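Peer 1: Mind looking at a prediction? Sequence and model below.
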Amino acid sequence: MTYINLLLRMIPIILVGLLLNGFILSNADEDFIFKNEIILLLALVFIAIFVWIIYKDKKVFKNTKSRLSFLPTITAIIFIVSFLITNIVLANRDNSPIIIQAGYDGGFNGAWFEFRKDGTYKFGNSGGIGITYSRGKYILKDSLITLDKDNIDNTIQSKLLIIRKEKIIDTLEQVIYQINQEHQIISKDLKFIIHVDKRKK
């Protein structure tokens, strides 16, 4: 067994593994057309290379009896474990129950907040062909919500949000507005209608 042959088996799985993990991490806060299809394609390529590596490693081991023959297989298994850890970590970011969910419908675009029990929030901003997500922490006191940042995805321009009751058509709804330091509404056009409210009352 030569080290060149060993490297030739390891390089493809390392390249595809890094590409797949990198794509998942770099696009963790975005949803766009063909995202899942790209991940599936990269995963299928990875599986195909993994199967080929197992076959080759067994064949080389049969001839050389060297345990180093299985180094490419071990490398592939390490990548598989890393994929699982990455997906578990990403999934657990939104594990806490939602206590307030509010959305804005702008027709072609839209945005929404999810405020969670653990003091974190998720802000989604849809532009029609894709969605970007921002996450952070918040403090809720009575009807005032204080965010950890004052500029979110060029949509939210204040750290302060206020929950108000407002009549929309013939129904009294709870809405969220952005307010300034003087507690004045920044824009009446951008209001988030509350659809879920599980606060203790």
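Peer 2: Structure's in. What do you need?
Peer 1: Which neighbours in the sheet does the helix or strand of the chain with the lowest mean pLDDT have, and how are they oriented?
Peer 2: Least confident helix or strand of the chain, by mean pLDDT, DSSP states H and E, is strand 30-32 with a mean of 88. If you go by DSSP bridges, strand 30-32 pairs up with strand 130-141 (antiparallel).
Peer 1: what does the strand it pairs with contact?
Peer 2: 29-33, 93, 100, 115, 119-125, 145-149, 152-153, 199 (CB atoms under 8 Å, 6 or more residues apart in numbering). Every residue, glycine included, has its C-beta placed from N, CA and C.
Peer 1: residues of it that come out buried?
Peer 2: Ile131, Thr132, Tyr133, Ser134, Tyr138, Leu140 (16 or more other CB atoms under 10 Å).
Peer 1: So what sits opposite the fourth one in the bridge?
Peer 2: Under DSSP bridges, the beta-bridge partners of Ser134 are Phe123.
Peer 1: same check, this time on the fifth one
Peer 2: According to DSSP bridges, the residues that bridge with Tyr138 are Leu147.
Peer 1: sorry, back to before: can I get the buried residues of strand 130-141 in CSV including pLDDT and distance to Lys62?
Peer 2: Below are these laid out as CSV (pLDDT from 0 to 100; distance: CB to CB, whole Å):
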residue, pLDDT, distance to Lys62
Ile131, 91, 51
Thr132, 92, 51
Tyr133, 94, 49
Ser134, 94, 53
Tyr138, 97, 60
Leu140, 95, 64
